[in-house]
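A.B. asks: Here is my input; please provide its structure:
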Amino acid sequence: MSTEARLQGASAEYQKLQTDLAVLVDKRTRLDAQLSENEMVKQEFANLSPNNTVYKLVGPVLVPQDQNDAKSNVETRLDFIRGEIKRVDSQIKDVEEKSEKKKIEVRHI
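C.D. replies: Below you'll find the predicted structure:
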């Protein structure tokens, strides 16, 4: 295999890793926004009194929902989002390491 062909192959792999990294960073950004939104909802629930009514949007209709169920749903979503953030962070780290190795490989060709 010629040096030029090896360089093109390694360069293409590096570009793919950079694209994968950009997708993961975008996903991480969206998860951060979801986390922030759900934490704000949790803070608002803390300000409610037991006799306040909580509504849930189901399609185009607001439906009354039990406060405890709503609080539980938000906590569950927060736990899920935090888990997804950890998973995506791990993927980002992995892709960054692979990308750095590929970059070094391209430089040495």
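A.B. asks: How about the secondary structure of Lys56?
C.D. replies: For Lys56, the assignment made with DSSP: H, G, I helix; E, B strand; the rest coil gives strand.
A.B. asks: now it, nearest residue through space, not along the chain?
C.D. replies: Excluding the flanking residues, the one nearest Lys56 by Cβ to Cβ, 6 or more residues apart in numbering is Gln65, at 4.2 Å. Backbone N, C-alpha and C define where each C-beta goes, glycine included.
A.B. asks: what's the angle between the helix or strand hosting Glu100 and strand 54-58?
C.D. replies: Element membership for Glu100, per DSSP states H and E: helix 67-108. Here the directions of helix 67-108 and strand 54-58 differ by 60 degrees (axes from the mean of the first three to the mean of the last three Cα atoms, to 10 degrees).
A.B. asks: And helix 67-108, how far out from the chain middle?
C.D. replies: 6 Å (Cα atoms, centre = their mean, to the nearest Å).
A.B. asks: Point out the other helices and strands that that helix packs with.
C.D. replies: Contacts defined by 3 or more Cβ pairs under 8 Å, 6 or more residues apart in numbering; DSSP states H and E place helix 67-108 against helix 3-46, strand 54-58.
A.B. asks: Can you tell me which of those is most buried?
C.D. replies: Stretch with highest mean neighbour count among these: helix 3-46 (a mean of 14; mean count of other Cβ atoms under 10 Å).
A.B. asks: Give me the angle between it and helix 67-108.
C.D. replies: 160 degrees.
A.B. asks: what's the spacing between helix 3-46 and its chain's center?
C.D. replies: 7 Å.
A.B. asks: do the same with stretch 41-49
C.D. replies: The answer for stretch 41-49 is 25 Å, by Cα atoms, centre = their mean.
A.B. asks: average pLDDT across it?
C.D. replies: Summarised as a single mean, pLDDT over stretch 41-49 is 96.
A.B. asks: do the same with stretch 98-109
C.D. replies: 89.
A.B. asks: shift numbering so it begins at 658
C.D. replies: Sure, I'll start counting at 658 from here, so that last one is stretch 755-766.
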